[in-house]
Each structure stands twice: as C-alpha cells, then as structure tokens.
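K.L.:
below are the sequence and a predicted model for it; my questions follow.
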Amino acid sequence: MRDAADRDHTPATASDPVQDADFVTPDVTQLKALAHPVRLRMLGMLRMDGPATATQLADRLGLNSGATSYHLRQLAHHGFIEEDAGHGNKRERWWHASFRSTRLDNAGRAASQNDREAVGAFWQALAVTDIDQLTAAFRERTELPDRWAEVSDSSVWVIWLTADQAEDMLRRVHRMIDAISRAAPRDRGTATAEAEQFMIQVHGFPRPGRLSRPGRGEPEPPAAADS
C-alpha cells in the first residue's frame, strides 16, 4: 500500500512513534485510536485508492457521512491522515494517508498490561478487516477473469518450528514481498493496463489453544475408556 505524496513531519523523539516517509510505528495512544475495524478500512482505502472525502468513503463503506467524518477526525488527530489541500474546497474536505503502512515492531513484548491490551485490541480489529477482505475475495472468485482466478490462492501450513526459526521464516517472507512491492508501480497512472492491485495477507502464529494452556503445547492425553 503506497502513498507517494511528500510530507513534512516533526522528527521523532524517544517518546514519539517511530516514523519515516514509508511507515509509522504507533504508540499506545495511537494504537487504541486505530483499533477499530471501520477506521482500519478507511485508512486502507486512503492508502490504496488515494485521497477521498467523508462522503465518498461513506458511500464505499455503506455508512452515513457523519460517521465517516467522526472517524476521519480521530485518524487525523492521531496522525494517521492529513487534510489534502490540493483537492479541498470550502464545501468538501479531502483527506490522504500520512504514511504508506503501519508497523508494530515489538507487539509481542509490550511492557505493561495497558500496552498488551491495546496491542490485543488492535490485532482483533485487524483480524476483522482481514477476514472481511478474504471473505469478499472468495465470494467473487468465480466471477474473476480466468487468469486472475488461477493466481488467487489461500494456503495453510502447520510446521514444527522454534520461535527463532519462525521469526527467521517470517522475516524472509516479508523481505521478499517488500522488495517486490518497492519495485512495483505506485499507482494506476504508472502501472500497465494489465496490472491490478493484488492483495497479500501474511499470518503466522503458534497453533491456537496449545501454548496458552498447561503443558507447553502438549495435547492432553485421551481419557481412559471405562472398563
């Protein structure tokens, strides 16, 4: 997800979210504001589709413009989006994304209970938006042109790995995708006529229900049969 517009940002300090022209690593307060499925979808649209108004986003999301205006103000207050002066006028305010992506570098090592709850709420909201996108993709797969249907994929592997091995594997996957992403066109204007936005979701996690219970992931033995 790329937004090529130039920005002028205040340099980050030790207490500020880590940021550069490409990504932002939000602090806990920002994370709480972003942990909302509608806001995540709106931010994704601004990053993928470019600047828009509250009315345009409301039409795409099936909401009223009052609701989208409120969520836009919250996103702007916490630094995720900015007013787009190049499009705006006295009647309509246009907005664009401030950064191309959001990263949580140390999400698994949040220091306090408050931090952990904020991170957990964000991941839950993100899961909702990802599932919505995946469900929509499966629903329209039979309507896609044959070539695009052929390259659509959903695969699952369950592999025995150490935490270090899992981290290394995911780092390699991210680096490969990031390299391809950086070399790809930034928008429709620079893409070929045959190109479309291709969405890739990467999820990697310990198999649920194992490490969170006694026995460090060992399945419970079957109950003995009555004699």
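P.N.:
Cool, got the structure. Numbering: from 1, shown residues only.
K.L.:
just want the most central residue of the chain.
P.N.:
Centroid-nearest residue in the chain, with CA atoms, centre = their mean: Leu126, separated by 6.2 Å.
K.L.:
for the chain, give me the ranges with low pLDDT.
P.N.:
Within the chain, the segments meeting pLDDT under 70 span 1-21, 88-90, 105-111, 213-227.
K.L.:
ok, then the element right after whichever strand or helix holds Arg139?
P.N.:
According to DSSP states H and E, Arg139 maps onto helix 113-140. The helix or strand immediately downstream of helix 113-140 is helix 146-151, counting by DSSP H and E.
K.L.:
roughly how far does the residue nearest to the centre of the chain sit from Leu34?
P.N.:
9 Å (CB to CB, to the nearest Å). For glycine as for every other residue, the C-beta is placed from the backbone atoms N, C-alpha and C.
K.L.:
now swap in Glu92 and tell me
P.N.:
Note on Glu92: its distance to Leu34, by CB to CB, is 24 Å.
K.L.:
how about the residue nearest to Leu144 when sequence neighbours are not counted, what does it touch?
P.N.:
Leaving aside its chain neighbours, Leu144 sits nearest to Ser152 (6.9 Å; criterion: CB to CB, 6 or more residues apart in numbering). Neighbouring residues of Ser152 by CB atoms under 8 Å, 6 or more residues apart in numbering: Ala137, Arg141, Leu144.
K.L.:
what do Leu126 and Leu34 both touch?
P.N.:
Common neighbours of Leu126 and Leu34, counting by CB under 8 Å, 6+ apart, are Leu40.
K.L.:
now the angle from the one helix or strand Arg39 maps to to helix 113-140?
P.N.:
Using DSSP H and E, Arg39 sits within helix 37-49. Calculated by axes from the mean of the first three to the mean of the last three CA atoms, to 10 degrees, helix 37-49 forms an angle of 60 degrees with helix 113-140.
K.L.:
list the buried ones in helix 37-49?
P.N.:
Neighbour-count burial for helix 37-49, counted by 16 or more other CB atoms under 10 Å, picks out Val38, Arg39, Leu40, Arg41, Met42, Leu43, Gly44, Met45, Leu46, Arg47, Asp49.
K.L.:
surely the fifth one is in contact with His71?
P.N.:
Yes. Under the criterion of CB atoms under 8 Å, Met42 makes contact with His71 at 5.9 Å.
K.L.:
in the protein, which spans are helices?
P.N.:
Taking DSSP state H as the test, the helices found in the chain are 28-34, 37-49, 54-61, 65-77, 113-140, 146-151, 163-183.
K.L.:
need those in CSV with distance to Asp22, can you?
P.N.:
Output for the helices of the chain, formatted as CSV (distance: least, CB to CB, whole Å):
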stretch, distance to Asp22
helix 28-34, 17
helix 37-49, 11
helix 54-61, 23
helix 65-77, 18
helix 113-140, 19
helix 146-151, 26
helix 163-183, 9
